[in-house]
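In: any chance you can model this:
(one chain, ligands or ions: 1)
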Amino acid sequence: VIELVGLDGDDTLWRNEEWFAEVHQAFHGLLDPYVPAGLDPVGALNEVERRNLELFGYGVKGFTLSMIETAIEVSGGRVSAGEIQRLIELGRTLLARPVELLDGVVETVDALRDAGFRLVIVTKGDLVHQETKVAGSGLADKFDGVEIVSEKDPPTYGRVLSRYGVAAERFVMVGNSVRSDVLPVLAVGARAVHIPSAVTWVHEIADHDGSVPTLASIRELPDWLAGNSPTSR
Ligand SMILES: [Mg+2]
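Out: From the prediction side, this is the model:
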């Protein structure tokens, strides 16, 4: 029996990565005049982000700083103050964008509640931005809790389990990222369901061995969980 269902936020409950793809395009266009032929500014940005993650953590603020750092680097210091201002505005558009829930989320969350599961959002990123997204989602009241974490690793999931007083085998995590929502969950002895998203951030890409249940849509989740629900026996 599953007691507690963890749901990832970005690209599981609401759209996220596709907004970054739009910003990547704008970033590419802005830096195009500065970069040597054959250098992809977005590839350079991914590298800068990777090296900054440990210091900045996840989220739009760190991403924006990484855009500025990359712009200065790939332009050899020639990028203008006006262009840096434009990069800051691009970051701001990401922070200000209204939450758009993915298809089927509200119905699914309601069905899981009706089936008697306890529900928790487990999401990582900037604290203020994630709080804003949770509030804007209109979903908060349907959940038993919201865990905004700085990293989704086995110790983090261990803390979530003890906070909710749930044994590992009675927890399932559902999300789009194998690296964040699947592998560290399996590592603590809990279960995971993978729902791949249309776009996946390059730093979240990982593989599982194929034994992890993979659903095409969150709409399939209640059926997958049927027979595991607290009220099914
Ligand atoms: Mg996600």
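In: give the next helix or strand downstream of the longest strand anywhere in the chain.
Out: Counting by DSSP state E, the longest strand found in the chain is strand 118-124. Per DSSP states H and E, the first helix or strand lying C-terminal to strand 118-124 is helix 127-137.
In: contacts for that following helix?
Out: 9-10, 13-14, 59-61, 95, 98-99, 101, 121, 123-124, 140, 146, 148 (C-beta atoms under 8 Å, 6 or more residues apart in numbering). Every residue, glycine included, has its C-beta placed from N, CA and C.
In: among the residues you listed, name the ones in helices.
Out: The members of these that map onto helices under DSSP state H are V60, K61, L95.
In: weed out the non-buried ones from the residues you listed.
Out: Among those, those buried by neighbour count (16 or more other C-beta atoms under 10 Å) are V60, K61.
In: residues from the chain in reach of the ion?
Out: The chain comes close to the ion at residues D8, D10, D11, N176, S177, as judged by C-beta under 5 Å from the ion.
In: right, and out of those, which lies closest to R163?
Out: Nearest to R163, judged by C-beta to C-beta, of the residues of the chain next to the ion is D8 at 17.1 Å.
In: strands of this protein, residue ranges please.
Out: For the chain, the strands defined by DSSP E occupy 4-7, 118-124, 145-149, 171-175, 191-194.
In: ok, the longest one: who's next to it in the sheet?
Out: Sheet pairing for strand 118-124, assigned by DSSP bridges, gives strand 4-7 (parallel), strand 145-149 (parallel).
In: nearest to S66, of these?
Out: Comparing these under C-beta to C-beta, the one sitting nearest is strand 145-149, at 20.5 Å.
In: dump the closest one to CSV, keeping only the CA atoms.
Out: C-alpha atoms of strand 145-149 as CSV (Å, rounded to 0.1, in the frame of the first residue of the first chain):
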residue,chain,number,x,y,z
GLY,A,145,2.5,19.7,2.3
VAL,A,146,5.0,21.4,0.1
GLU,A,147,8.7,20.7,0.3
ILE,A,148,10.9,23.2,-1.4
VAL,A,149,14.4,21.7,-1.4
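In: give the buried residues for that strand.
Out: Within strand 145-149, the residues scored as buried using 16+ other C-beta under 10 Å are V146, E147, I148, V149.
In: try stretch 106-114
Out: T108, V109, A111, L112.
In: can I get that stretch in PDB, CA atoms only?
Out: Taking Å, rounded to 0.1, in the frame of the first residue of the first chain, the C-alpha atoms of stretch 106-114 are listed here in PDB:
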ATOM      1  CA  VAL A 106      -6.200  19.100 -11.500                       C
ATOM      2  CA  GLU A 107      -8.300  16.000 -12.300                       C
ATOM      3  CA  THR A 108      -5.400  13.700 -11.300                       C
ATOM      4  CA  VAL A 109      -4.700  15.400  -8.000                       C
ATOM      5  CA  ASP A 110      -8.400  15.400  -7.200                       C
ATOM      6  CA  ALA A 111      -8.600  11.700  -8.100                       C
ATOM      7  CA  LEU A 112      -5.600  10.800  -5.900                       C
ATOM      8  CA  ARG A 113      -7.100  12.700  -3.000                       C
ATOM      9  CA  ASP A 114     -10.400  11.000  -3.400                       C
END
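In: list the contacts of that stretch.
Out: Outside of stretch 106-114, the residues within contact range by C-beta under 8 Å, 6+ apart are V5, L7, L119, L139, K142, F143, I218, R219, L221, P222, L225.
In: nearest to the ion among these?
Out: L7 (9.7 Å; C-beta to the ion).
In: sorry, back to before: distance from the longest strand of the chain to the middle of the chain?
Out: 11 Å (C-alpha atoms, centre = their mean, to the nearest Å).
In: for it, output the C-alpha coordinates as PDB.
Out: Provided in PDB are the C-alpha atoms of strand 118-124 (Å, rounded to 0.1, in the frame of the first residue of the first chain):
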ATOM      1  CA  ARG A 118      -1.600  11.900   1.200                       C
ATOM      2  CA  LEU A 119       0.000  14.200  -1.300                       C
ATOM      3  CA  VAL A 120       3.200  16.300  -1.100                       C
ATOM      4  CA  ILE A 121       4.800  18.600  -3.700                       C
ATOM      5  CA  VAL A 122       8.600  18.100  -3.700                       C
ATOM      6  CA  THR A 123      10.200  20.800  -5.800                       C
ATOM      7  CA  LYS A 124      13.600  22.500  -6.100                       C
END
